[in-house]
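Q: Based on what follows, work out the 3D shape:
(one chain, ligands or ions: 2)
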Amino acid sequence: MEIYQPKPLQSHPPFVVAHRGISGKAPENTLAAFSRACETPGIDMIELDVRLSKDDRVIVLHDRTLQRTSTGNGVARHYSVAEIKEFDAGSWFDPAFSKERIPTLDEVLALVDKRRWVNIELKSDFFFPEKLELLERRVLDCVMNFGYRDHVLFSSFNHRMVGTIKRIDPRARTGVLYNIYRDYGRMPSKLARRVGAEVFVCAKHELSHRMLRDAQQSGIAVHVYTLNSTAVVGRMIEMGVDGILSDVADDIVKFVKNPTA
Ligand code: G3P
Ligand code: MG
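A: Ligands and ions are numbered 1, 2, ... in the order given. Sure, this is the predicted structure:
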């Protein structure tokens, strides 16, 4: 069985990261989207979003609510995993995916089975904060149970959560997500160092040469989202980023790993 050998997070050519799986061709954050990413040679990492169910289990879901990406309605936190499993998480994308369900983090880690890095993005909600450290501890428990620590990058827009992960497990690799409204004017090194993170993640239009230079001089890797065309990917490779998140990582990977082909 193929086991992915971890490599340094500062990387050229950059890491190719399947954003919410191959979410351009299968419903985002489902096993269908993740298995496509595992089956595509050269993809380094799979990004996914996590939050908690009513019974405090870690589920893989981007939005706070269910209705955009499933047949469920309302706030996911109000449903147990058993209830969430009733909802169809694929038909909104294409009826061919009607069997897809919202996965638990356990199910995804079992599927990926160390064939790729996993970037676990912890979601938090300013208006509905979780019990202190609950999501962080639940996520770390899953990762430790699967012996997956050396294959995971933990990230969040909520930098307190990133700091908590690092405090509980100083060996964890972590990344801070840039919120331009909150963080504008602060350099990547400052944001990352405050919570001991190794990676700075931002949207493609938010990255300046100055920010990139600052990160490179401080040994902080820079990952950029969401790049779905080779023209933009080419510009970002030229700038020298270390990771590229794409909804069509299966297409982008050929270009990144072999730009002249
Ligand atoms: O982790 C990078 C990216 O996924 C952050 O934005 O909204 O796609 O989770 P979002
Ligand atoms: Mg995300």
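
Q: can you give me the helices in the stretch 51-200 of the chain?
A: Counting by DSSP state H, counting those that start in this stretch, the stretch 51-200 of the chain has helices at residues 81-84, 105-112, 134-145, 159-168, 180-183, 188-194.

Q: Format those helices as JSON lines; extra columns: mean pLDDT and mean neighbour count.
A: (Each C-beta comes from the backbone N, C-alpha and C, glycine too.) Shown next, in JSON lines, are these (pLDDT from 0 to 100; neighbours: other CB atoms under 10 Å):
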{"stretch": "helix 81-84", "mean pLDDT": "98", "mean neighbour count": "17"}
{"stretch": "helix 105-112", "mean pLDDT": "98", "mean neighbour count": "19"}
{"stretch": "helix 134-145", "mean pLDDT": "98", "mean neighbour count": "18"}
{"stretch": "helix 159-168", "mean pLDDT": "98", "mean neighbour count": "20"}
{"stretch": "helix 180-183", "mean pLDDT": "97", "mean neighbour count": "11"}
{"stretch": "helix 188-194", "mean pLDDT": "97", "mean neighbour count": "19"}
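
Q: Quick one: classify the most centrally placed residue in the chain as helix, strand or coil.
A: Nearest residue to the geometric centre of the chain (CA atoms, centre = their mean): E47, 2.8 Å. Recorded secondary structure, E47: strand (DSSP: H, G, I helix; E, B strand; the rest coil).

Q: Show me the beta-bridge partners of it.
A: Taking DSSP bridges as the rule, E47 bridges to H19, N119.

Q: For it, list the residues it contacts.
A: For E47, the residues meeting the contact criterion (CB atoms under 8 Å, 6 or more residues apart in numbering) are 17-20, 118-119, 121, 225, 245.

Q: In those residues, find the pair that's most separated.
A: By the measure CB to CB, V118 and Y225 form the most distant pair in these, at 15.6 Å.

Q: For V60, give me the pLDDT.
A: V60 carries a pLDDT value of 99.

Q: repeat for E2
A: E2 is assigned 58 on the pLDDT scale.

Q: ok, back up a step: neighbour-wise, which of V118 and Y225 wins?
A: More crowded of V118 and Y225, by other CB atoms under 10 Å: V118, with 25 against 19.

Q: Let me have the helices of the stretch 51-200 of the chain in TSV, adding distance to ligand 1 as columns.
A: Listed next are the helices of the stretch 51-200 of the chain as TSV, based on distance: least, CB to the nearest ligand atom, whole Å:
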stretch	distance to ligand 1
helix 81-84	19
helix 105-112	15
helix 134-145	14
helix 159-168	12
helix 180-183	12
helix 188-194	15
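
Q: need these in TSV with distance to D125, can you?
A: Output for the helices of the stretch 51-200 of the chain, formatted as TSV (distance: least, CB to CB, whole Å):
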stretch	distance to D125
helix 81-84	17
helix 105-112	18
helix 134-145	10
helix 159-168	12
helix 180-183	15
helix 188-194	21
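
Q: what's the closest of the ones you listed to G74?
A: helix 81-84 (10.9 Å).

Q: where's that closest one relative to the chain centroid, distance-wise?
A: Chain-centre distance of helix 81-84: 23 Å, with CA atoms, centre = their mean, to the nearest Å.

Q: again, but for stretch 116-124
A: The mean C-alpha position of stretch 116-124 is separated from the chain mean by 4 Å, CA atoms, centre = their mean.

Q: Ok, stretch 162-182 next?
A: Here stretch 162-182 is found 13 Å from its chain centre; the criterion is CA atoms, centre = their mean.

Q: For that stretch, give me every contacting residue.
A: Around stretch 162-182, the neighbours that count as contacts under CB under 8 Å, 6+ apart are 9, 119, 121-122, 133, 136-137, 139-140, 144, 149, 152-157, 159, 188, 191-192, 194-203, 206, 221, 223.

Q: Now do the end-to-end distance for it.
A: Taking CA to CA, to the nearest Å, stretch 162-182 runs 16 Å from one end to the other.

Q: ok, is that stretch in contact with ligand 2 or not?
A: No. Figure legend: stretch 162-182 not in contact with ligand 2 (CB under 5 Å from the ion); closest approach 8.1 Å.
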